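K.L.:
pasting the sequence and the predicted model now:
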Amino acid sequence: MAVRRARRILRRVVFVTLAAGFVWWLVAFVAVWSAARRDEADATRPADAIVVLGAAQYDGRPSPVLAARLDHAVALWRDGVAPLIVVTGGKQPGDRFTEATAAANHLHEAGVPDSAILREVDGRSSWESLVATARFLHADDKDAVVLVSDPYHMARIGDVAREVGLDASTSPAADSPVDGWEEKRRFVAESLKVAVGRLIGYGRLERHGRIGKLVPGLATMLTLPIGGSSTGGTPDSGSGGWRFESSPPSPIAPHRHIARRRRLGRARTRSGPVV
């Protein structure tokens, strides 16, 4: 009798835990869905900077996903939403260019001057890039930012930015080429990240690297890109050091070099793919 009673109690505990977890995920999903459809950029209340989260680049040229984000940032900059654009993202081993360099080249071609561009060139996740951005902007007494990325990404990067001390608004890139099943898949994955991040904190989630490490087998069961990243579906990495640069001349499009450079953190992180 005691064994049967213990089993019943255990089943009830498991059921309640799973039900509560599902409800919490559902709340996170609604938050992600809502943030994806809300544009908080406001030219009547200019921010200090527009921050573009990185995505894949092809030998110095932005992927369609990154180009859509950058074009949206340029439109905001021209509307007077902020005087600076911060581009973020490192590079994979073997690449000649960082995501930030490819992004800066694209902004140059769109007519944005070097003096309006800052580059974070070592971040390999949303967390790393936004921590670096916060440190750099805080050093100049700036903290109001407008975050630009794909719609499904808005809730998480907004949470992360506020956790690292930025006064963040979000503005999704409406022309993102991510759509159909891939977009739905990423909405589900982002909801999982937001659910866990809001429960334990995004800094702790970043240190663990993957939700799959917190809940073994979850990523395999759902066949989702569970690992957090700033741009395209590869795992987040642990934090390290970051480097910020103003835009230097590039082999693709030479431009005036702004001789201002800051190194943030002690060790330069090894760049990696960034969603």
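P.N.:
Yep, that arrived.
K.L.:
give me the distance between V3 and V16.
P.N.:
21 Å (CB to CB, to the nearest Å). Glycine gets a C-beta too; all of them are placed from N, C-alpha and C.
K.L.:
now swap in R186 and tell me
P.N.:
With the distance defined as CB to CB, R186 ends up 30 Å from V16.
K.L.:
pairing partners for A144 in the sheet, please.
P.N.:
Beta-bridge pairing of A144 under DSSP bridges involves D167.
K.L.:
contacting residues for it?
P.N.:
Taking CB atoms under 8 Å, 6 or more residues apart in numbering, we find A144 in contact with A47, D48, A49, L166, D167, S169.
K.L.:
how far off centre is stretch 25-39?
P.N.:
Centre-to-centre, stretch 25-39 and its host chain are 16 Å apart (CA atoms, centre = their mean, to the nearest Å).
K.L.:
buried sites along it?
P.N.:
Across stretch 25-39, burial judged by 16 or more other CB atoms under 10 Å covers W25, A28, F29, A31, V32, W33, A35, A36.
K.L.:
repeat for stretch 101-111
P.N.:
T101, A102, A103, A104, N105, H106, L107, H108.
K.L.:
ok, now stretch 165-177?
P.N.:
Buried positions in stretch 165-177, judged by neighbour count with 16+ other CB under 10 Å: L166, A168, S169, T170, S171, P172, A173, S176.
K.L.:
adding pLDDT and secondary structure, write the residues you listed out as JSON lines.
P.N.:
Formatted as JSON lines, the buried residues of stretch 165-177 follow (pLDDT from 0 to 100; DSSP: H, G, I helix; E, B strand; the rest coil):
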{"residue": "L166", "pLDDT": "96", "secondary structure": "coil"}
{"residue": "A168", "pLDDT": "95", "secondary structure": "strand"}
{"residue": "S169", "pLDDT": "95", "secondary structure": "strand"}
{"residue": "T170", "pLDDT": "96", "secondary structure": "strand"}
{"residue": "S171", "pLDDT": "96", "secondary structure": "coil"}
{"residue": "P172", "pLDDT": "96", "secondary structure": "coil"}
{"residue": "A173", "pLDDT": "94", "secondary structure": "coil"}
{"residue": "S176", "pLDDT": "90", "secondary structure": "coil"}
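K.L.:
farthest pair in those?
P.N.:
Spanning the widest gap among the buried residues of stretch 165-177 are L166 and S176, at 22.4 Å by CB to CB.
K.L.:
ranges for the strands of the stretch 1-150 of the chain?
P.N.:
Secondary structure of the stretch 1-150 of the chain (DSSP state E, counting those that start in this stretch): strands located at 49-52, 57-58, 61-62, 85-88, 117-120, 144-148.
K.L.:
just name the most buried of the ones you listed.
P.N.:
Burial of the strands of the stretch 1-150 of the chain is given as mean neighbour count (mean count of other CB atoms under 10 Å); strand 85-88 ranks first at a mean of 30.
K.L.:
list of residues touching that one?
P.N.:
49-54, 70, 73-74, 77, 99-100, 103-104, 107, 112, 116-120, 123, 129-130, 132-133, 136-137, 145, 230, 274.
K.L.:
for the stretch 101-250 of the chain, which spans come out with low pLDDT?
P.N.:
Along the stretch 101-250 of the chain, segments meeting pLDDT under 70 span 209-250.
K.L.:
make it 50
P.N.:
For the stretch 101-250 of the chain, applying pLDDT under 50 flags the ranges 212, 214, 216-243, 246-250.
K.L.:
tell me the buried residues in stretch 128-139?
P.N.:
Here stretch 128-139 shows E128, S129, L130, V131, A132, T133, A134, R135, F136, L137 as buried, counting by 16+ other CB under 10 Å.
K.L.:
how far is it from where the chain is centred?
P.N.:
On the basis of CA atoms, centre = their mean, stretch 128-139 sits 13 Å off its chain's mean C-alpha point.
K.L.:
what do you get for stretch 174-191?
P.N.:
Centroid displacement of stretch 174-191 relative to its chain, using CA atoms, centre = their mean, is 14 Å.
K.L.:
what's the answer for stretch 73-89, then?
P.N.:
Computed by CA atoms, centre = their mean, the chain-centroid distance of stretch 73-89 equals 16 Å.
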